[in-house]
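Undergrad: When you get a sec, could you give me coordinates for this:
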Amino acid sequence: MPKEKKDIIIKGDCIEVLKNLPEESVDLIFADPPYNMQTDGELLRTDGSKFNGVKEQWDKFSSLREYDNFCTLWLKECKRVLKKDGSIWVIGSFQNIFRLGYIMQDLDFWILNDVIWAKPNAVPNFAGTRFQNSHETLIWCSKNKGAKYCFNYKTMKALNNDKQMKSIWNIGICIGKERIKDEKGNKVHSTQKPEQLLYNIILASTKKNDLILDPFFGTGTTGAMAKRLGRHYIGIEKEEDYIFVARERINNEKILSDEYIENTFDVKPPKFSMKELLDMGFLYEGQTLYNKEKTKQVTLSSDGNVILDGQKNSIHKISAKLLGKANNNGWNYFYCIYKEEFICIDLLRYLAKEEKTPTL
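TA: Have a look, this model is predicted:
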């Protein structure tokens, strides 16, 4: 086992490999375990041609009990190696997700969300005997109830056009150039996950340089996205063909950087008060503060409070009053003119950290 346990693919049985990983050593786990599809016979399209679904040996179990025992063992080891403030995402379809959720609750994982991966281009039900199965379910858990965990709420909101991201994600299945195929044009892996799915998961629940574990690595989508987003990974995979493809794929991946990847939206602002900004010269007594639309205005007092209609109170209380609310964040409500620009006063805290003294 390599001493430097990051940015590596470890060949072997996931349970045995997991046993050799250090306790509380990974920040995030993404697990895409066998589905135990339980399908018999050939799957045929309406035109009579054969459809290659999940038929690999790694997806076959002799009974539900065998499958449950397998999942209990790898999930126990995942919990052991997960940091106290880490989290785990497990994905499955109707064949296995309810069993996985039951086992995870029995192991005292704490469910944070179930997220629906809705597939606008899902494979049809060729026989016409059931509804088209057009989604999979992800279970997102912290290590236990009350545990702290990473959630980049503002980053995900920014990704969603500044609206709170919901628990239904419309993401197409892998097609075109993203779908990895062999020389004959056949899919290398039957359950390859789309990069956008891992992009969402990694951005939502990790910081830069965090370590992500994928115990069912396959063709390496988790590793490729981890590298692209400036995170580290450990992949566990027992199939040599998948490992070969995953290594080549990750080697060709480039590290990117932007405000989403850097989690800029979720960086806590420097702890400057209104009074400190006044004392430093970024604001001044008697200055007019506005709402974003410039339809409301208040006057800044020497003690850092603001005055509205002769009444003095904090930026939070006054902004709440103007909005007709019980409470409100005044840092995001009020704007001022600084260096001839109309900016949110929250930005002044960042400027104060960088500039130390105002640039007039």
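Undergrad: Next, count neighbours for His135.
TA: 15 (other Cβ atoms under 10 Å). To be clear about C-beta, it is placed using only N, CA and C from the backbone, and glycine gets the same treatment.
Undergrad: Does it touch Lys119 like I think?
TA: Yes: the criterion here is Cβ atoms under 8 Å, and His135 meets it with Lys119 at 6.2 Å.
Undergrad: what's the neighbour count on Lys254?
TA: Lys254 has 6 neighbours, counted by other Cβ under 10 Å.
Undergrad: My error: substitute Cys174 in the last question.
TA: 21.
Undergrad: And Leu64, by the same measure?
TA: Leu64: 12 surrounding residues under other Cβ under 10 Å.
Undergrad: what's the pLDDT at it?
TA: Per-residue pLDDT puts Leu64 at 92.
Undergrad: do the one 4 residues further on as well
TA: Asp68 is assigned a pLDDT of 94 by the prediction.
Undergrad: and if you look at the one 4 residues further on?
TA: The model reports Thr72 with a pLDDT of 98.
Undergrad: Would you mind giving me the confidence score for the nearest residue to it once chain neighbours are set aside?
TA: Residue nearest to Thr72 in three dimensions, not counting chain neighbours: Ile103, with 5.4 Å by Cβ to Cβ, 6 or more residues apart in numbering. Confidence at Ile103, expressed as pLDDT, is 98.
Undergrad: Let me see the contact set for Ile103.
TA: Going by Cβ atoms under 8 Å, 6 or more residues apart in numbering, Ile103 touches Asp68, Cys71, Thr72, Leu75.
Undergrad: will you turn these into TSV that also has distance to Tyr335 and secondary structure?
TA: Shown next, in TSV, are the contacts of Ile103 (distance: Cβ to Cβ, whole Å; DSSP: H, G, I helix; E, B strand; the rest coil):
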residue	distance to Tyr335	secondary structure
Asp68	57	helix
Cys71	53	helix
Thr72	55	helix
Leu75	50	helix
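Undergrad: ok, Leu75 touching Tyr102?
TA: No: taking contacts as Cβ under 8 Å, Leu75 lies outside contact range of Tyr102: 10.9 Å.
Undergrad: Who has more neighbours out of the two?
TA: Neighbours were counted for Leu75 and for Tyr102 using other Cβ under 10 Å; Leu75 has more, 25 against 12.
Undergrad: ok, that one - contacts?
TA: Leu75 sits next to Ala31, Val90, Leu100, Ile103, Met104, Leu107, Phe109 when contact means Cβ under 8 Å, 6+ apart.
Undergrad: now it: how far from Val81?
TA: Separation of Leu75 from Val81 (Cβ to Cβ, to the nearest Å) stands at 11 Å.
Undergrad: can you check Phe334 too?
TA: Taken as Cβ to Cβ, the span from Phe334 to Val81 is 46 Å.
Undergrad: now swap in Leu283 and tell me
TA: The value you get for Leu283 to Val81, if Cβ to Cβ is used, is 49 Å.
Undergrad: can you check Asn20 too?
TA: Taking Cβ to Cβ, one finds Asn20 at 10 Å from Val81.
Undergrad: between the two, who's got more neighbours?
TA: A count of neighbours by other Cβ under 10 Å puts Val81 above the other of Asn20 and Val81, at 21 against 12.
Undergrad: Look up phi and psi at that one.
TA: With angles defined as degrees, to the nearest 10, Val81 sits at phi -90, psi -10.
Undergrad: Report the contact partners of it.
TA: Contacts for Val81 (Cβ under 8 Å, 6+ apart) come out as Leu18, Leu21, Pro22, Glu23, Glu24, Ser25, Val26, Ile29, Leu213.
Undergrad: Looking at these, state which has the most neighbours.
TA: Counting neighbours by other Cβ under 10 Å, Leu213 leads the contacts of Val81 with 28 neighbours.
Undergrad: how much space is there between that residue and Cys344?
TA: From Leu213 across to Cys344, the span is 39 Å (Cβ to Cβ).
Undergrad: Same question for Met280.
TA: For Met280 relative to Cys344 (Cβ to Cβ), the value is 17 Å.
Undergrad: and what of Glu16?
TA: From Glu16 to Cys344 the distance is 54 Å (Cβ to Cβ).
Undergrad: before we move on, what about Phe265?
TA: From Phe265 across to Cys344, the span is 14 Å (Cβ to Cβ).
Undergrad: Averaged pLDDT, the longest strand seen in the chain. What do you get?
TA: Secondary structure of the chain read by DSSP state E shows that its longest strand is strand 82-92. Mean per-residue pLDDT for strand 82-92: 98.
Undergrad: and it, which strands flank it?
TA: Sheet pairing of strand 82-92 (DSSP bridges) gives strand 26-31 (parallel), strand 135-142 (antiparallel).
Undergrad: Now do the helix or strand following that strand against strand 135-142, angle only.
TA: Sequence-wise, the next helix or strand downstream of strand 82-92 (DSSP states H and E) is helix 97-106. Counting by axes from the mean of the first three to the mean of the last three Cα atoms, to 10 degrees, helix 97-106 lies at 10 degrees to strand 135-142.
Undergrad: List the buried residues for helix 97-106?
TA: Across helix 97-106, burial judged by 16 or more other Cβ atoms under 10 Å covers Ile97, Arg99, Leu100, Gly101, Ile103, Met104.
Undergrad: isn't Lys79 right up against Asp106?
TA: No: shown here, Lys79 and Asp106 do not form a contact pair, counting by Cβ under 8 Å, at 11.2 Å.
Undergrad: ranges for the helices of the stretch 101-250 of the chain?
TA: Along the stretch 101-250 of the chain, counting by DSSP state H, counting those that start in this stretch, helices occupy 153-159, 195-205, 221-228, 240-251.
Undergrad: and of those, who's closest to Lys353?
TA: Across those, Lys353 has its closest neighbour in helix 153-159 (18.2 Å, Cβ to Cβ).
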